[in-house]
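Student: Predicted model follows, preceded by the sequence.
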Amino acid sequence: MIRSETKDNPVIVPVFFGNADHDPDIVSSLVEKIGSHQIEKCFGAILVGIPLAYRKRGERQLKLFLDLTGCRCPIIDYRRMIGEFASASAVAAVLATMFKKTGKIPESLSGTTDGSLVEKEVWVLGFGKFVTAMKIT
């Protein structure tokens, strides 16, 4: 867990890391680790990253995640927004932290006028060969 100096700053918590080649039920493993009851209650937004080389696989994984969880929060495909480069996930973590710190997601990204993150978490999920999750609280 990465903690800031003051209690008012967001905290980044790594939650899940798995290799899809070694776990055919990787998405179910992710949902089990998060706890499906937490998703509707806690998720304010998801920044999702799917590397171009694994786009089809990752899109199937994301669809399965959404089907299993019923999550209806804004989904932001950050790689399509910021590009395909090695540290794109780090940039996504910074964006997610900024969203949490300001308490909202810009309407242009959330697709809704109510992008409020009050009492909600921002999650950064990675799909493809590796499935990852971190939350920003």
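Tutor: Yep, that arrived.
Student: ok, so what distance separates the residue nearest to the spatial centre of the chain from H22?
Tutor: Taking C-alpha atoms, centre = their mean as the criterion, V124 is the residue nearest the geometric centre of the chain, at 2.4 Å. Counting by C-beta to C-beta, to the nearest Å, the gap from V124 to H22 is 22 Å. Bear in mind the C-beta positions are built from the backbone N, C-alpha and C, glycine included.
Student: List the buried residues for stretch 50-66?
Tutor: By neighbour count on 16 or more other C-beta atoms under 10 Å, the buried set for stretch 50-66 is 50-51, 54, 58, 61-62, 64-66.
Student: Could you look up the SS state of P14?
Tutor: What DSSP: H, G, I helix; E, B strand; the rest coil gives for P14 is strand.
Student: Now it. Nearest residue, chain neighbours left out?
Tutor: M134 (5.0 Å; C-beta to C-beta, 6 or more residues apart in numbering).
Student: Which strand residues bridge the one you found?
Tutor: Counting by DSSP bridges, M134 is bridged to P14, V124.
Student: Run through the protein and note the low-pLDDT ranges.
Tutor: The chain contains residues with pLDDT under 70 at 1-7, 110, 112-115.
Student: As a check, name the ranges of all strands in the protein.
Tutor: 12-19, 43-49, 75-77, 121-126, 130-136 (DSSP state E).
Student: Distance from the third one to the middle of the chain?
Tutor: What it means is strand 75-77. How far strand 75-77 lies from its chain's middle: 8 Å, per C-alpha atoms, centre = their mean, to the nearest Å.
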